[in-house]
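1. Everything below, folded, please.
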Amino acid sequence: MAGHEIPEPADRKQVADPGSEPQTVEESRPSCDPAFRHGVVVGFDGSMSSERALAYAIGMAHRHSSGLIIVHVANRLPTTVWAGCEPPVFVDVPDHRTEVLGLELACADYLAEVPWVLVERGGDICHELEEVGREYSADAIVVGSTHGIVGRIFGSVAGRLARRAQRPVIVIP
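-> Residues are numbered from 1 along each chain as shown. Down below sits the predicted model:
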């Protein structure tokens, strides 16, 4: 209807200034303990290589008086292996390894020197380590090197992480 206006209610409160520029909202992050901000992230799966990386990360966190964020990435397998479907669909496979690793770490004397937390994630190892590093504003990510034919054929986690990470990556042989 031309010329017809709906009057504004008298008690309407202005939410935003119409002439102002829109401001960006900080993206929501999962809450993390502030004691571990700017800590050291280490990838750990219980292998000898990851144990050496953990030992180095413990020393690094101790020297810098920071916390240690131990990350275990649980298995996720594509369902295309079983179902033969075209799109890559991922299924979380029950992984009780994190619970076992957590109990082993809780009983370890060598972790008494630094505050630490165990974080479980599922998905691509490189992506999850970098994501945890971003969430905690980590000073560095420590990983063990991959030995064997699989790492040489498909590329090691350490190599892929070193190429794409936004923070220092330390690879322990």
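
2. buried set for the top helix by length along the chain?
-> In the chain, taking DSSP state H as the definition, the longest helix is helix 48-63. Counting neighbours by 16 or more other CB atoms under 10 Å, one finds that the buried residues in helix 48-63 are S49, S50, A53, L54, Y56, A57, I58, M60, A61. The C-beta positions use only the backbone N, C-alpha and C, and glycine is treated the same way.

3. Could you check the pLDDT of the third one?
-> pLDDT, A53: 95.

4. now it: how far from G159?
-> In this view, A53 and G159 are 14 Å apart by CB to CB, to the nearest Å.

5. just the fourth one next, same as before
-> Per CB to CB, L54 is found 20 Å from G159.

6. so who does S156 touch?
-> S145, T146 (CB atoms under 8 Å, 6 or more residues apart in numbering).

7. low-scoring pLDDT stretches of the protein, where are they?
-> Within the chain, the stretches with pLDDT under 70 are 1-32, 75-96, 147-155.

8. about what we covered before: out of the buried residues of helix 48-63, what pair is the most spread apart?
-> Within the buried residues of helix 48-63, S49 and A61 form the most distant pair, 18.7 Å apart (CB to CB).

9. can you give me the helices for this structure?
-> Going by DSSP H, the chain shows helices at 48-63, 80-83, 97-106, 125-135, 149-154, 157-164.

10. Of those helices, give the one that comes closest to I170.
-> Using CB to CB, the nearest of those to I170 is helix 48-63, at 7.0 Å.

11. Quick check: bridge partners of the nearest residue to G102 once chain neighbours are set aside?
-> If the residues on either side of it in the chain are set aside, G102 comes closest to L118, at 5.0 Å by CB to CB, 6 or more residues apart in numbering. Under DSSP bridges, the beta-bridge partners of L118 are I70.

12. mind checking how far the residue lying closest to V171 once chain neighbours are set aside is from S137?
-> Leaving aside its sequence neighbours, V171 sits nearest to A158 (CB to CB, 6+ apart; 4.3 Å). Distance, A158 to S137, using CB to CB: 21 Å.

13. Compare these two (neighbour count), which wins?
-> Ranked by neighbour count (other CB atoms under 10 Å), A158 and S137 place A158 first, with 25 against 13.

14. show me what contacts that one?
-> Applying CB under 8 Å, 6+ apart, the residues contacting A158 are V143, G144, S145, T146, V169, V171.
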